[in-house]
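J.: just coords:
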């Protein structure tokens with residue numbers, strides 16, 4: 001029984017990690033709201049919830065280089081209202097993938113930050129319309145909350 005549970009747990013984790021299907025560059029280029037033929041940077045921003053501060057001002061910028069098939073991102077997170085009285089800003093950058101489908105909707109378009117890094121460094125955002133990304137939990141589920149988990153596209 002112990003080995004069955006171990007095998008079942010391993011298979012479940014593998015299934016969750018491969019929930020979405022990665023789109024190839026030809027397919028992903030057709031997602032106009034994320035990438036364009038001119039390969040410009042597209043920025044989304046918003047104030048995300050924080051467990052021990054007033055909120056996290058988050059700016060996520062997405063880009064695909066024409067000569068490089070990797071999708072690149074930059075993210076800046078500023079923690080506001082910290083107990084120390086100071087704002088703390090973290091910047092990160094890396095690659096992202098566009099996935100088709102998530103745990104609930106097989107047709108959802110999901111952006112996975114840091115697909116080739118440790119699961120704790122990955123983040124997921126679902127495209128909601130042309131001008132909004134909504135943060136998902138680590139299992140690509142919608143975060144059930146009355147708090148705002150959306151980033152809006154900057155014109």
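T.: Nice, thanks for sending it over. Here the structure is a predicted model, which means the values were calculated and not measured. Residues are numbered from 1 along each chain as shown.
J.: the chain: helices as residue ranges?
T.: 2-17, 25-28 (DSSP state H).
J.: report pLDDT for residue 84.
T.: For residue 84, the model assigns a pLDDT of 78.
J.: likewise for residue 140?
T.: pLDDT recorded at residue 140 is 91.
J.: again with the one 10 residues further on
T.: What the model reports for residue 150 is a pLDDT of 97.
J.: show me what contacts it?
T.: Each residue near residue 150 by CB atoms under 8 Å, 6 or more residues apart in numbering is listed here: 46, 128, 132, 133, 134, 135. Just so you know, the C-beta spots here come from the backbone N, C-alpha and C atoms, and that holds for glycine as well.
J.: can I get these in JSON lines including distance to residue 84 and neighbour count?
T.: Putting those into JSON lines (distance: CB to CB, whole Å; neighbours: other CB atoms under 10 Å) gives the following:
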{"residue": "46", "distance to residue 84": "23", "neighbour count": "19"}
{"residue": "128", "distance to residue 84": "34", "neighbour count": "14"}
{"residue": "132", "distance to residue 84": "32", "neighbour count": "16"}
{"residue": "133", "distance to residue 84": "30", "neighbour count": "27"}
{"residue": "134", "distance to residue 84": "30", "neighbour count": "18"}
{"residue": "135", "distance to residue 84": "25", "neighbour count": "19"}
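J.: go through the residues you listed and name the one nearest residue 155.
T.: Among the contacts of residue 150, residue 132 lies closest to residue 155 (CB to CB), at 12.9 Å.
J.: so the closest one sits against residue 148, correct?
T.: No: using CB atoms under 8 Å, residue 132 is not in contact with residue 148; the gap is 10.9 Å.
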